[in-house]
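Asker: Quick one, fold the following:
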Amino acid sequence: AVYLVESGGGSVLAGGSLRLSCVVSGDRLSDYYFGWLRQAPGKESEGVATDDYWTADSVKGRFTISKANDPNGMILYLQLNDLMPEDTAVYSCGADLRESKLRRGLADYWGQGTQVTVSS
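Answerer: Purely as a prediction, here's the structure:
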């Protein structure tokens, strides 16, 4: 199993920045792809970025994914710059054996999510 715990969400004004973190632990982590997904109210989940360095067109140039080793596994980051009200959503990190699923906003393992709210 894979365990993911996010932090770093909050409320910001348009144009602001946030940095999300996801602590990843579990078994056979090298088998998995990891990424960030988001779900806005009334909308389906969508992929934001993956650790294969794919980034959704809607956030390209504004959001950056990175990762660092951790004694228990890994930490996955998402730097969010130049935030816009349409970026408001619950952001979750996910893990899946297929990177293509993460791009589609799907994952076998999810964290609990962290709320990002951007006001104009």
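Asker: Sketch out the strands for the chain, chain order is fine.
Answerer: 2-7, 10-13, 18-26, 33-39, 46-50, 63-70, 73-80, 89-96, 109-110, 114-119 (DSSP state E).
Asker: so how far is residue 94 from residue 1?
Answerer: For residue 1, the distance to residue 94 equals 14 Å [Cβ to Cβ, to the nearest Å]. In short, each C-beta sits where N, CA and C put it, glycine included.
Asker: Pick out whichever of these two has more residues nearby.
Answerer: residue 94 (27 against 9; other Cβ atoms under 10 Å).
Asker: For that one, give me its contacts.
Answerer: Residue 94 makes contact with 4, 34-37, 102, 106-111, according to Cβ atoms under 8 Å, 6 or more residues apart in numbering.
Asker: of those residues, buried ones?
Answerer: 4, 34-37, 102, 106-107, 109-111 (16 or more other Cβ atoms under 10 Å).
Asker: closest to residue 50 among those?
Answerer: Ranked by distance to residue 50 (Cβ to Cβ), the buried ones among the contacts of residue 94 are led by residue 35 at 3.7 Å.
Asker: tell me how far the ends of stretch 26-36 are from each other?
Answerer: 18 Å (Cα to Cα, to the nearest Å).
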